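Novice: Pasting the sequence and the predicted model now:
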Amino acid sequence: MSIFQAFILGIIQGLTEFLPISSSAHLVLAPYLLGWKIPESQVFSFDVLVQMGTLVAVVLYFWKDLLDIVQAWFSGLVHRQPFYNAHARMGWYLILATIPAGLFGFLLKKLVERAFNSPVATAWFLLVTALLLGVAETIGKRNRTIEAITWKDALWVGCFQALSIFPGISRSGSTIAGGLTRNLERRDAGRFAFLMAIPVMTAAGLLSLLDLVQLPNLGAFLPILAVGFVTSALVGYFSIHWLLSFLARRSLKLFAVYCALLATIVLLLTYVFA
């Protein structure tokens, strides 16, 4: 992988991590469509670690909310009133919502790694994202706010997030879709989706460090990772702001159509024009 490729993939990661079109799908499909031959030993570690850049972006964007949640969560523990206010409850909901993805990621790690090297599998999973977005927009009533979230909502949306361990199933798309099926407003479904992504992205990044230290020529690979990391962080910050504004007034069906079209193009190139 070259510096230029890392820069382009960093832009793609920053744009697509928070848009409901699957960053993992684009990180797999972009090299495939551009004809880049990136060593398999680098692909998974780069894709997961570059997500740490967008993790920095979401932490910076929601730092005030996170500070309130962390302070209230610890205060609740100290005073033995773990659910004493909305911020403390949100802390527990975020933990609960993380459990399904953590279990799926641990049990299916090898299968997921193989999927990251399969553009065809990624395209099929991208169709799943399109289906989730379309169905959620159709059945969601969008009459509840983030303040009304319960533990049942958190666990339900967490199960949707578990689907996103596969490349092609968008984390933000699946979790926003999960929120919509619980009748959350689009913007609030988006805010909850971004907040609950933080624990999963952190855990995935830390686990990938174990794979990173085993890579050959690690010293030469670190500058490439740094370029992808910084680029994705900068682009990701502005992507969050844009999407939350979009969700306040527009439907997600546009993204469903995009995912379906991209998946169709890849499948046609693979099965028809190959």
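Specialist: Yes, it's here.
Novice: I'd guessed Ile176 sits against Leu252; true?
Specialist: Yes. Counting by Cβ atoms under 8 Å, Ile176 touches Leu252, with 6.9 Å between them. For glycine as for every other residue, the C-beta is placed from the backbone atoms N, C-alpha and C.
Novice: so what's in contact with those two at the same time?
Specialist: Common contacts of Ile176 and Leu252, defined by Cβ atoms under 8 Å, 6 or more residues apart in numbering, comprise Pro20, Leu133, Ala136, Arg186.
Novice: tell me the contacts of Gln51?
Specialist: Gln13, Glu17, Ser23, Met201, Ala204, Gly205, Ser232 are the contacts of Gln51 under Cβ under 8 Å, 6+ apart.
Novice: how much space between the last one and Phe18?
Specialist: Right, the one you point to is Ser232. Distance, Ser232 to Phe18, using Cβ to Cβ, to the nearest Å: 11 Å.
Novice: Give me the common contacts of the two.
Specialist: Thr54.
Novice: re the thing from before, more neighbours: which of Ile176 and Leu252?
Specialist: Ile176 (34 against 23; other Cβ atoms under 10 Å).
Novice: Who are the packing partners of the helix or strand harbouring that one?
Specialist: Element membership of Ile176 [criterion: DSSP states H and E] is helix 171-181. Helix 171-181 is packed against helix 119-139, helix 151-163, helix 186-212, with contacts defined by 3 or more Cβ pairs under 8 Å, 6 or more residues apart in numbering; DSSP states H and E.
Novice: any idea how far the shortest one is from the chain center?
Specialist: What it means is helix 151-163. Put simply, helix 151-163 sits 14 Å off its chain's centre (Cα atoms, centre = their mean, to the nearest Å).
Novice: Tell me what angle it forms with helix 119-139.
Specialist: Counting by axes from the mean of the first three to the mean of the last three Cα atoms, to 10 degrees, helix 151-163 lies at 150 degrees to helix 119-139.
Novice: which outside residues touch helix 151-163?
Specialist: Under Cβ under 8 Å, 6+ apart, the answer for helix 151-163 is 92-94, 96-101, 103-104, 128, 132, 169, 171, 174-175, 177-179, 181-182, 184, 192-193, 196-197, 200.
Novice: Please name the nearest non-neighbouring residue to the spatially most central residue of the chain.
Specialist: Closest to where the C-alpha atoms of the chain average out (Cα atoms, centre = their mean) is Arg171, at 3.5 Å. Using Cβ to Cβ, 6 or more residues apart in numbering and skipping the chain neighbours, the partner closest in space to Arg171 is Ser164 (3.9 Å).
Novice: got the contact list for the one you found?
Specialist: Neighbours of Ser164 in contact, by Cβ under 8 Å, 6+ apart: Ser22, Ser24, Ala101, Ser170, Arg171, Gly173, Ser174, Thr175.
Novice: Nearest to Phe221 among those residues?
Specialist: Ser24 (19.6 Å; Cβ to Cβ).
Novice: Asp47 is in contact with the closest one, correct?
Specialist: Yes. Using Cβ under 8 Å, Ser24 is in contact with Asp47, at 6.4 Å.
Novice: higher neighbour count, these two?
Specialist: Ser24 (27 against 22).
Novice: What angle do helix 171-181 and the helix or strand hosting the more buried one make with each other?
Specialist: Element membership for Ser24 (DSSP H and E) is helix 23-34. Orientation of helix 23-34 against helix 171-181 (the same axes, to 10 degrees) gives an angle of 140 degrees.
Novice: Can you point out the buried residues in helix 23-34?
Specialist: Using 16 or more other Cβ atoms under 10 Å as the burial criterion, the residues of helix 23-34 that qualify are Ser23, Ser24, Ala25, His26, Leu27, Val28, Leu29, Ala30, Pro31, Tyr32.
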